[in-house]
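>>> Pasting a predicted model and its sequence here:
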Amino acid sequence: MTDVKHVETLAGLAPRGRDAHKGDFGRVLVVGGSAGMIGAPALAATAGLRGGAGLVTLAVPAMVQQSVAMLCECATSARLACDADGQLTAGAVGQFARLAAEADVLAVGPGMNVGTPQADIVRVALNQTLPLVLDADGLNNLAKIDNWPALRQGPVILTPHPGEFSRLTGRSVGEIQADRQAAVLAAMEAWSADGSVVLVLKGAGTIVTDGKWLYVNSTGNPGMATGGSGDVLTGLIAGLVACGLEPFDAACLGAHLHGRAGDLAAEELSQTAMIASDLLDYLPYAIKEFEG
């Protein structure tokens, strides 16, 4: 039986000690980006920092590394092997594995594109014992990996929208949307029996479940239906995990804060004019409000 979690019971972040330093709050490695998709990993990295991570590193194709780095000046960055079109090549897989060895949390997928090297990076990520957040093309590559749950060595947080969830499960978007709770619980039965996979089905009333607990988010608005919003959620959840929250708690709190930032932005800017980077500006107010 799946128990329901309510917003009043969401775990929060512990107060920081006066002698704290950046190494106390975790290292997030964001992997993604491609030619034409430089904003996605930068949004995720900045959200990771807004979520409290002490250090964030961007691993992106060498061709776009400088451009991505300029969009997120508070993160460090690493160049991954790519071809003349800015798409990752086989050499990027080993580079990613070496970078992952120095991280505490992995966030893989924003703007990454789909292909053999990208799928191999997802396989390597699954084989790590680190918490892993998969979104966007991380999920699209995951859908091409047979029996991926058998490869998993650590906790995984999946953050699909209905289309990505459809590719992962083989169910139509219409079937998923007709009964979102039934769809996520059925997927969890197939993917994880021990609560170490967390599923975040995005949309109006985002659902978070680990198969044991279920949370339905009530914050957010249609203005958040804009490119890049999901990348912000990916990084935010990764940052909360880096700060010490358990994956399920981080996913629930991330969904709540992400939506609340959108609500605060809409109050000031309107739903129509809101863009994803506005969520980054309003996350501090959402976090402060939640912390009381």
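The structure has been received and is ready for your questions.
>>> and the residue most central in space within the chain, what does it touch?
With distances taken as C-alpha atoms, centre = their mean, T234 lies nearest the centre of the chain, 2.0 Å away. Counting by C-beta atoms under 8 Å, 6 or more residues apart in numbering, T234 makes contact with 44, 47, 107, 109-110, 133, 135-136, 159. Using the backbone N, CA and C atoms, a C-beta is placed for each residue, glycine as well.
>>> at 7 Å instead, please
Applying C-beta atoms under 7 Å, 6 or more residues apart in numbering to T234 gives the contacts 44, 107, 110, 133, 135, 159.
>>> So what's the residue count around A186?
Neighbours of A186 under the rule other C-beta atoms under 10 Å: 14.
>>> coming back round to it: tell me the spacing between the closest residue to the residue nearest to the centre of the chain other than its chain neighbours and A40.
Leaving aside its chain neighbours, T234 sits nearest to D135 (4.1 Å; criterion: C-beta to C-beta, 6 or more residues apart in numbering). Taking C-beta to C-beta, to the nearest Å as the measure, D135 falls 9 Å from A40.
>>> sec struct for N113, please.
Here N113 takes the coil state, with states given by DSSP: H, G, I helix; E, B strand; the rest coil.
>>> what do you get for V56?
strand.
>>> Would you agree it is in contact with L49?
Yes. Taking contacts as C-beta atoms under 7 Å, V56 lies within contact range of L49: 5.4 Å.
>>> where does G12 land on pLDDT?
On the pLDDT scale, G12 is placed at 82.
>>> Contact partners for it?
Per C-beta under 7 Å, 6+ apart, neighbours of G12: 290-291.
>>> Am I right that it sits in a helix?
No. With three-state DSSP as the criterion, G12 is coil rather than part of a helix.
>>> okay, the residue nearest to T234: pLDDT?
Reported pLDDT for D135: 97.
>>> wait, what's in contact with it?
D135 neighbours (C-beta under 7 Å, 6+ apart): 109-110, 159, 230, 234.
>>> need the residues you listed in TSV with secondary structure, distance to S218 and pLDDT, can you?
Listed next are these as TSV, based on DSSP: H, G, I helix; E, B strand; the rest coil; distance: C-beta to C-beta, whole Å; pLDDT from 0 to 100:
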residue	secondary structure	distance to S218	pLDDT
G109	coil	26	98
P110	coil	25	98
T159	coil	18	98
G230	helix	19	98
T234	helix	21	98
